[in-house]
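Engineer: Just a sequence and a predicted model for now, questions to come.
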Amino acid sequence: MVALLLGGHHLITYSLAVILAIAACWVLNIASAARLSGITATILLLVPNLGPIQQTLVTRVAEVGWGVICAMVVVRLRELAMSH
C-alpha cells in the first residue's frame with residue numbers, strides 16, 4: 001500500500017515493492033509466505049485503482065476473499081465427488 005501512495009504504477013515501484021515484500025517474509029522467518037507476498041504486491045500494484053486508497057484496499061480484500069471461498073467450494077465438491 002505504501003508503494004501505491006508513494007510511486008503509483010511504475011516499474012521501479014513495482015519491482016521494489018515485490019522485492020521488499022519477499023525480503024520482509026524472509027526477515028520475519030516466514031519464507032513460506034514469500035511467494036504469496038510477491039503475488040499480493042503484484043495484484044495491488046498492477047490492477048489500476050479508480051478510487052481512494054482505502055477503497056482499493058477493501059476491494060482487493062473482498063476479491064481475494066471471494067477467490068478463497070470459490071476455491072474452497074470447488075475443493076469440497078471434488079472431495080465429495082471422489083468419495084462416491
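Structural biologist: On my side now, so go ahead. Every value quoted in this text rests on a predicted model; they were computed, and no experiment measured them.
Engineer: give me the number of residues near Ser37?
Structural biologist: Residues contacting Ser37 under the criterion other C-beta atoms under 10 Å number 19. In short, each C-beta sits where N, CA and C put it, glycine included.
Engineer: Would you confirm that it contacts Ile22?
Structural biologist: Yes - the criterion here is C-beta atoms under 8 Å, and Ser37 meets it with Ile22 at 5.9 Å.
Engineer: Show me how far stretch 29-44 is from its chain's centre.
Structural biologist: 7 Å (C-alpha atoms, centre = their mean, to the nearest Å).
Engineer: Buried residues of that stretch, list them for me.
Structural biologist: Ala34, Ser37, Gly38, Thr40, Ala41, Leu44 (16 or more other C-beta atoms under 10 Å).
Engineer: Can you spell out which helices and strands pack onto the helix ranked longest in the chain?
Structural biologist: In the chain, with assignment by DSSP state H, the single longest helix is helix 53-83. When contacts are defined as 3 or more C-beta pairs under 8 Å, 6 or more residues apart in numbering; DSSP states H and E, helix 53-83 sits against helix 2-6, helix 34-46.
Engineer: Can you lay out these as TSV showing distance to Ile69?
Structural biologist: What follows is these, written out as TSV (distance: least, C-beta to C-beta, whole Å):
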stretch	distance to Ile69
helix 2-6	25
helix 34-46	17
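Engineer: Which of these sits closest to Cys70?
Structural biologist: Closest approach to Cys70 among these (C-beta to C-beta): helix 34-46, 15.7 Å.
Engineer: got the angle between that closest one and helix 53-83?
Structural biologist: Here the directions of helix 34-46 and helix 53-83 differ by 130 degrees (axes from the mean of the first three to the mean of the last three C-alpha atoms, to 10 degrees).
Engineer: what residue lies at the spatial centre of this structure?
Structural biologist: Among the residues of the chain, Thr40 comes closest to the average C-alpha position under C-alpha atoms, centre = their mean, at 2.1 Å.
Engineer: For Glu79, see how far away that residue is.
Structural biologist: 27 Å (C-beta to C-beta, to the nearest Å).
Engineer: Count the residues that sit near Tyr14.
Structural biologist: 18.
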